[in-house]
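Participant: Based on what follows, work out the 3D shape:
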Amino acid sequence: MDKNWIKVIVAAIFEVGWVVGLKHAFDFWTWTGTAIAIFISFYLMITAGRKLPVGTVYAVFVGLGTTGTVLFEIFFFGEAFKVSKILLILLLLVGVVGLKLVTKDKSKEGRKA
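Facilitator: Here you go, the predicted model:
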């Protein structure tokens, strides 16, 4: 796997952290952690977007972040578990994986030339 796609995945993990932080932060330290997670998340996404197609990077970033946030809320904060919600998350993930599979990396194209 290309290191830039790993950056996108790590950025999505930090996205889950800052989205949850925006909802649950309550003091200086939790708000500081949220701000740091925002910075890391966007930094990684932007640097990956320099080598990969930006639209696909953003779609994967948001799709994984949304999935992670919903699952985090279900498992750690008592959000209602609904089969329809899980099915829609799976549909979202299928779309994200599909986008990644049909998108050519700029970095790989440059190496072939």
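Participant: my guess is Val10 meets Met45, correct?
Facilitator: No - with contacts counted by C-beta atoms under 8 Å, Val10 stays clear of Met45, the gap being 9.5 Å. For the C-beta atoms, the positions are set from N, CA and C on the backbone; glycine is no exception.
Participant: which of those two has more neighbours?
Facilitator: For the pair Val10 and Met45, the greater number of neighbours falls to Met45 (24 against 15), based on other C-beta atoms under 10 Å.
Participant: what's the closest non-adjacent residue to the more buried one?
Facilitator: For Met45, the nearest residue in space outside its immediate sequence neighbours is Ala11; the separation is 4.3 Å by C-beta to C-beta, 6 or more residues apart in numbering.
Participant: what do you get for Ala35?
Facilitator: Counting by C-beta to C-beta, 6+ apart, Ala35 lies nearest to Trp18, which is 7.9 Å off, once chain neighbours are set aside.
Participant: Can I get stretch 50-62 in PDB, CA atoms only?
Facilitator: These are the backbone C-alpha positions of stretch 50-62, laid out as PDB (Å, rounded to 0.1, in the frame of the first residue of the first chain):
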ATOM      1  CA  ARG A  50      -0.300  16.400  -3.200                       C
ATOM      2  CA  LYS A  51       0.400  12.900  -4.600                       C
ATOM      3  CA  LEU A  52      -3.000  11.400  -4.900                       C
ATOM      4  CA  PRO A  53      -6.200  12.600  -6.600                       C
ATOM      5  CA  VAL A  54      -7.700  15.200  -4.200                       C
ATOM      6  CA  GLY A  55     -11.400  14.200  -4.800                       C
ATOM      7  CA  THR A  56     -10.700  10.600  -4.000                       C
ATOM      8  CA  VAL A  57      -8.500  11.400  -1.000                       C
ATOM      9  CA  TYR A  58     -11.300  13.600   0.400                       C
ATOM     10  CA  ALA A  59     -14.000  11.000  -0.200                       C
ATOM     11  CA  VAL A  60     -12.000   8.200   1.500                       C
ATOM     12  CA  PHE A  61     -11.100  10.600   4.400                       C
ATOM     13  CA  VAL A  62     -14.700  11.600   5.000                       C
END
